[in-house]
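A.B. asks: Sequence and predicted structure are below.
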Amino acid sequence: MIRDNLEIVEKNIQAACERAGRDRSGVTLIAVSKTKPVSDIRQAMECGITVFGENKVQEIQQKTEEITEPLSWHMIGHLQANKVKYLPGKVCMIHSVDNIKLAQEIEKQFSRHDMNIDVLIEVNMAHEDTKFGLSPEEVPSFVKEIASLPHLNIRGLMTIAPYTDDPESNRQYFKGLRELMGSINDTNILPSKMDTLSMGMTGDYEVAIEEGATFVRVGTGIFGERDYSV
Ligand SMILES: *Cc1c(COP(=O)(O)O)cnc(C)c1O
């Protein structure tokens, strides 16, 4: 099933790239394996997937202990500052930086290991009360505040769009995230320009690619529905 699902997702990604006149190599598929067993991850690995996304630090610790093959793990979920210490050496990117205290703790823990870490700023584009992330208006001053932390490479922005049956209704948020990155890049707040947009999930990754996503985070579309009761 995972193999068939991956084939469908890959076809959809290619079609979206074609519609947008984009090169397929500009989009990385993150297979979101949260709540799923290591056996599922291994099936995806057999299909050539090497980039996985998780939203809990403890699950990343367990899975990276069991699976020692070289993979890229992305922390995509809400992150508490007191858990950051477990991440150096485990993840290649943190997608969910949304407050100063967290940014400072990431700086502290990664500098201890003499490591730099790629980070994205999470933006709550639709101003949903239920979601983490900064409101778009807050992002420029936040970037300015964390720009001087030497062990953080601020690579771009991430958003989780509203849950919807109509992916077109999220196009405005993906377009808005791209424009927000562009407007920050037009200032000289950062020493190097941001180049990463993490946006689009199972329900809306094709629209996100059309609007410039460089990472899409697909869970259900690859591994099937999640069961949170176990
Ligand atoms: C769970 C999750 C996803 C994947 O969601 P699906 O709808 O299953 O594709 C993507 N991004 C984040 C941040 C998630 O927590």
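C.D. replies: Cool, the structure landed.
A.B. asks: ok, residues contacting the helix or strand hosting residue 95?
C.D. replies: Using DSSP states H and E, residue 95 sits in strand 93-97. The contact list for strand 93-97 (Cβ atoms under 8 Å, 6 or more residues apart in numbering) reads 53, 72, 74-79, 87, 103, 106, 117-122, 132-133, 146, 152, 155, 158, 198, 215, 217. Every residue, glycine included, has its C-beta placed from N, CA and C.
A.B. asks: which is the next helix or strand following the longest helix along the chain?
C.D. replies: Criterion DSSP state H: the longest helix present in the chain is helix 2-20. Counting by DSSP H and E, the element after helix 2-20 in chain order, helix or strand, is strand 28-32.
A.B. asks: among the contacts of strand 93-97, which are in strands?
C.D. replies: Among the contacts of strand 93-97, the members found in strands (DSSP state E) are 53, 72, 74-75, 117-122, 152, 155, 158, 198, 215, 217.
A.B. asks: from these, which would you call buried?
C.D. replies: 53, 74-75, 117-122, 152, 155, 158, 198, 215, 217 (16 or more other Cβ atoms under 10 Å).
A.B. asks: Also near the ligand: which of those, exactly?
C.D. replies: Among these, the ones lying near the ligand by Cβ under 6 Å from any ligand atom are residue 217.
A.B. asks: residues from this structure in reach of the ligand?
C.D. replies: The chain comes close to the ligand at residues 32, 34, 55, 76-77, 160, 201-203, 217-221, as judged by Cβ under 6 Å from any ligand atom.
A.B. asks: If we use 5 Å, what do you get?
C.D. replies: Residues of the chain lying near the ligand by Cβ under 5 Å from any ligand atom: 32, 55, 76, 201-202, 217-220.
A.B. asks: Any of the residues you listed buried? List them.
C.D. replies: The neighbour count (16+ other Cβ under 10 Å) marks 32, 55, 76, 201-202, 217-219 as buried among the residues of the chain next to the ligand.
A.B. asks: Which pair of the residues you listed spans the longest distance?
C.D. replies: Across those, no pair lies farther apart than 55 and 202, at 14.5 Å, counting by Cβ to Cβ.
A.B. asks: Run through the protein and note the low-pLDDT ranges.
C.D. replies: Along the chain, the parts satisfying pLDDT under 70 run over 230.
A.B. asks: Is residue 19 in contact with residue 207, as I believe?
C.D. replies: No. The pair residue 19 / residue 207 is not scored as a contact, 10.1 Å apart, by Cβ atoms under 8 Å.
A.B. asks: For the buried ones among the ones in strands among the contacts of strand 93-97, work out which two are farthest apart.
C.D. replies: Farthest apart among these by Cβ to Cβ are 152 and 217. That separation is 20.6 Å.
A.B. asks: tell me the contacts of residue 90?
C.D. replies: Counting by Cβ under 8 Å, 6+ apart, residue 90 has contacts 60-61, 64, 73.
A.B. asks: farthest pair in these?
C.D. replies: Spanning the widest gap among those are 61 and 73, at 10.3 Å by Cβ to Cβ.
A.B. asks: Quick check on the two: which one has the bigger neighbour count.
C.D. replies: residue 73 (20 against 15; other Cβ atoms under 10 Å).
A.B. asks: Next one: the more buried one from residue 208, what distance?
C.D. replies: Using Cβ to Cβ, to the nearest Å, we find residue 73 at a distance of 21 Å from residue 208.
A.B. asks: burial of residue 87, as a residue count?
C.D. replies: For residue 87, the tally of surrounding residues (other Cβ under 10 Å) stands at 21.
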